[in-house]
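1. quick check, what structure comes out for this input:
(one chain, ligands or ions: 4)
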Amino acid sequence: GAFDARQSFRWYSEGRDAQIHRGYQLASDAKQGLLDGDFHLEYQPRFGAKGLKPVSVEVLIRWTHPTLGAISPREFIPIFERTALMDLVTDWVLDTALDQLQAWLAQRRQIPLSINISSGFLSSVGAWSTIAEKLSSRAIPFSMIEFEITEGEWLSPKSTAVGQIAAMAGAGVRISIDDFGSGYSNFSYLSDLPVHTIKLDKSLIDCVATDPRSRAKVSAIHHLAHELGYLTVAEGVERQEQLDVLKGLGFDQIQGYLLAAPAPALKVAELFEPLAEH
Ligand code: C2E
Ligand code: CA
Ligand code: CA
Ligand code: CA
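-> Ligands and ions are numbered 1, 2, ... in the order given. Okay, the predicted model is just below:
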């Protein structure tokens, strides 16, 4: 039980053993955590760069572990991705976020969702039909959903994942490439993919106002993306100077603590006026 796990945790000093042990503990506690309501979602708005009006929200998972406290998705998502847990969690994220959107639509609030999707989920041939069914059963228009996909070597043209992405995009769902510029970035393989949006990684945005080389890189990526017809989004914008530079470059959308941090549904909904009835 939890008590034993904590006792044994103590015997490890620091370092790799403790980390591995913690990884096992997180993996073995996840299923029960889902049942117990230890997971919840937060929503971080994205804003149009020109008027700074909120245009959509990104769905971000949170886990408050009963003994370990708040765990970052940066820690548990990679662990889940190595197991069947990721499909279970993705399913939970989709159901919970789409229920929320359905509730917002009932309040006449149009709040498009960006949902992070792991590559593993997309490499199952049933991925899109599962999602399409979830959208249809809630009467959610496909165009209100965007999937954020992290680029990676798995995106080979003939892969199942690329097939699933093509099916989604064909049905009207939007696709964005997340963390662009941080890993396997290049524009050439994107031509095999029906991508709408390029989301520049925070690591590139961090120094955009202070380091000329960083600004040159961001400018080049942004302009090439625009030439190729993609929308550009900057993530992790924390300071006014960064916002000024990004606006000056002509970015389409901005996300970051400067404008809004991730927050519970109730708080985020206030940013989106309900449509007037007529
Ligand atoms: P991401 O998709 O790149 O999400 C952006 C992360 O940056 C989020 O961290 C967000 O809270 C944080 N962030 C946003 N604005 C700022 C800012 O101005 N400054 C700083 N320092 N941070 C900012 P979070 O929520 O901890 O998520 C971390 C990562 O975990 C996400 O990175 C994503 O890769 C993954 N993740 C989160 N939720 C899900 C999910 O439901 N499914 C999947 N597959 N992955 C998820
Ligand atoms: Ca994301
Ligand atoms: Ca990102
Ligand atoms: Ca990132």
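
2. going forward, measure contacts between C-alpha atoms and count neighbours the same way
-> Noted.

3. could you point out which element follows the helix or strand Leu98 falls within?
-> Following DSSP states H and E, one finds Leu98 within helix 85-106. Later in the chain than helix 85-106, the nearest helix or strand by DSSP H and E is strand 113-117.

4. so for that following strand, what's the average pLDDT?
-> Averaged over strand 113-117, pLDDT sits at 97.

5. and the helices in this protein?
-> Per DSSP state H, the chain carries helices over the ranges 2-11, 16-36, 73-81, 85-106, 119-122, 127-137, 160-171, 202-205, 212-227, 240-249, 265-269.

6. so Gln164 sits right up against Ala132, yeah?
-> No: counting by CA atoms under 8 Å, Gln164 stays clear of Ala132, with 11.3 Å between them.

7. who has more neighbours, those two?
-> More neighbours surround Gln164 than the other of Gln164 and Ala132, with 20 against 16 (other CA atoms under 10 Å).

8. show me what contacts that one?
-> By CA atoms under 8 Å, 6 or more residues apart in numbering, the contact set of Gln164 is 122-123, 125, 127-128.

9. cool, Leu94 as well?
-> 115, 131, 134.

10. what distance do you get for the last one to Met144?
-> Right, the one you point to is Lys134. Distance of Lys134 to Met144, computed by CA to CA, to the nearest Å: 13 Å.

11. swap in Gly172?
-> Look at Gly172 and Met144: by CA to CA, they are 9 Å apart.

12. and for the closest residue to Pro157 other than its chain neighbours, the neighbour number?
-> When the adjacent residues along the chain are set aside, Pro157 lies closest to Asp192, with 6.1 Å between them (CA to CA, 6 or more residues apart in numbering). Neighbour count of Asp192, defined by other CA under 10 Å: 14.
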